[in-house]
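Participant: Next input, structure requested:
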Amino acid sequence: MGLGKDGVEKAVKRLPRDACTDLAQHEKNVLNELNTMKSNCVVKYWFLEEQSDNEYLFLILDLCEETLESFVKRSDLVLLVKSAPDILQQILKGLVDLHRRPKPILHRDLKPSNILRDVENSWLLADFGISRILAAGARTHLTTSSGTEDWIAVESCPREATADDDKSGNVRYKKESDIQVAGIVAYYILTKGEHPFGEKPDRLRNLLDGKPVGLDNLKDDAARDLISWMLNHDPNNRPSAEEALKHPYLQPAKLQFALLCTVGNQPEIKTQDIKSDVVRKLNSNSEDWQNEIPADVLRYLSTDCLRGRPVLYRSFWTDCLRLIRNVKQHWHERPRPRPEAFYIVEDPQKYFLNIFPNLCVEVHKILRSCDWQERNDLKEFFA
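Facilitator: Sure, this is the predicted structure:
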């Protein structure tokens, strides 16, 4: 810790001059890029002091309170589960900023000790000593393996060259590599320090084989789905940071409910178009959603409030989405006097998200595998 001339405390990173001159200059350059300077989720750089000492260089940064590693160690699991969505959101927002064109930055050393909490309880990405700026138009940085054991993506692990690998032994770093490691960090938070690919010595083999054996330990279906997506063995099947931020696990209830209603309003859902992959996948779930709603409440919700006639909704999940959309659309048009069922539901958003807690995740999973996410009224839920 150091004290600036303005009286404000700063973090002083001391680097041996003989070994770290290039590294210090590189980190300074990365922190001076617009992607990092303009980000609210990256630690702020002040200057590199090169003249005052013969043995050391001093990198001056904003002072933070603690690392994510120390936060996880001192917190109980209840607090970590509650805090995880907010922390992961800030990590991903930082990656959005780093990965932004025209000069995307690959962090390459994302881990709990390099994620810092400041005095305002914001989480910031730090330590850019081995980060790399992608060349214009490039998607991959080819180099020798760097990073920290247990916090490295599968495509960046050192291994014997195969027909598909660079014969020099170099490995590939991509924006998606940061995403997989962010998924490992998210799992670490939610499990108070565990690793999704299991215990050593099997951890590396599970990573290389694409077997995140610990996912079943996550009780939250939304968290499990998002982390599974981020950990995908194939980099091309991982989300971007922007896409991960749109996952239901990180979205407020209002947007989760809006997704259900918007899907319920799609033409294929209205007509039960059996040629639609989305309709077929939704209705492949054999559970009867109607069993989750009391019979008297279901009768009330299934009544056309304008004509007073019952509407037939079947056990298909597309019918469930149609009901949700119709109830939301006409809820305040329901005539008085209102029966007890109206007050049991009271707030359709809260009611439906409570009785169908995993429906938004399942719908999101199905839609992100097809072109529906490109539709004008659905785009906002995916990117």
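
Participant: Could you give the number of residues near Glu199?
Facilitator: Glu199 has 11 neighbouring residues, counting by other CB atoms under 10 Å. For the C-beta atoms, the positions are set from N, CA and C on the backbone; glycine is no exception.

Participant: Okay, buried residues for the one helix or strand Val297 maps to please.
Facilitator: Assigned by DSSP states H and E, Val297 falls within helix 295-301. For helix 295-301, burial by neighbour count (16 or more other CB atoms under 10 Å) applies to Val297, Leu298, Tyr300, Leu301.

Participant: Would you check that the first one makes contact with Val345?
Facilitator: Spelled out, it's Val297. Yes: the pair Val297 / Val345 is scored as a contact, 6.5 Å apart, by CB atoms under 8 Å.

Participant: picking up where we left off before, can you tell me what sits against the helix holding Val297?
Facilitator: Gln290, Ile293, Pro310, Leu323, Val327, Pro339, Glu340, Ala341, Phe342, Ile344, Val345 (CB atoms under 8 Å, 6 or more residues apart in numbering).

Participant: Poorly predicted segments of the chain, please.
Facilitator: 137, 141-146, 159-169 (pLDDT under 70).

Participant: Reduced to three states, what does the residue of it most remote from its centre come out as?
Facilitator: Relative to the centre of the chain, the most outlying C-alpha is that of Pro337, 45.1 Å out, by CA atoms, centre = their mean. Here Pro337 is recorded as coil under DSSP: H, G, I helix; E, B strand; the rest coil.

Participant: phi, psi of it?
Facilitator: phi -70, psi 150 (degrees, to the nearest 10).

Participant: Isn't Trp331 up against Lys350?
Facilitator: No: using CB under 8 Å, Trp331 is not in contact with Lys350, being 11.9 Å away.

Participant: okay, the two: which has more neighbours?
Facilitator: It is Trp331, of Trp331 and Lys350, that has more neighbours when counted by other CB under 10 Å, with 16 against 12.

Participant: Nearest the middle, which residue of this structure would you pick?
Facilitator: Ala244 (3.8 Å).

Participant: list the contacts for that one?
Facilitator: Leu92, Ile179, Ala182, Leu226, Trp229, Met230, Leu250.

Participant: Show me which positions of the host helix or strand of it end up buried.
Facilitator: Ala244 belongs to helix 241-245 when assigned by DSSP H and E. The neighbour-count check on helix 241-245 (16+ other CB under 10 Å) flags Ala241, Glu243, Ala244, Leu245 as buried.

Participant: Distance check, the third one against Pro348.
Facilitator: This points to Ala244. 28 Å (CB to CB, to the nearest Å).

Participant: now do Arg14
Facilitator: Arg14 is 58 Å from Pro348, by CB to CB.

Participant: between those two, which one's more packed in?
Facilitator: Pro348 (17 against 14).

Participant: Quick one: residues contacting the more buried one.
Facilitator: Phe257, Ile324, Val327, Lys328, Trp331.

Participant: Out of the residues you listed, who's the most crowded?
Facilitator: Counting by other CB under 10 Å, top hit in the contacts of Pro348: Ile324 with 25 neighbours.

Participant: Looks to me like that residue is in a helix.
Facilitator: Yes: judged by three-state DSSP, Ile324 forms part of a helix.

Participant: Surely it touches Gly264?
Facilitator: Yes: with contact defined as CB under 8 Å, Ile324 reaches Gly264; the gap is 5.4 Å.

Participant: If Leu59 is in a bridge, with which residues?
Facilitator: Lys13, Leu48 (DSSP bridges).

Participant: Distance check, it against Glu149.
Facilitator: Leu59 is 24 Å from Glu149, by CB to CB.

Participant: Domain-wise, how is the protein divided?
Facilitator: Under the assignment automatic domain parsing, the domains of the chain span 2-62, 66-250, 253-381.

Participant: Share the number of residues neighbouring Val171, please.
Facilitator: 25.

Participant: who's in contact with the spatially closest residue to Ile184 that is not a sequence neighbour?
Facilitator: Nearest non-adjacent residue to Ile184, counting by CB to CB, 6 or more residues apart in numbering: Pro196, 5.9 Å away. When the contact criterion is CB under 8 Å, 6+ apart, the partners of Pro196 are Gly183, Ile184, Tyr187, Pro212, Val213, Gly214, Leu215, Ile227, Leu231.
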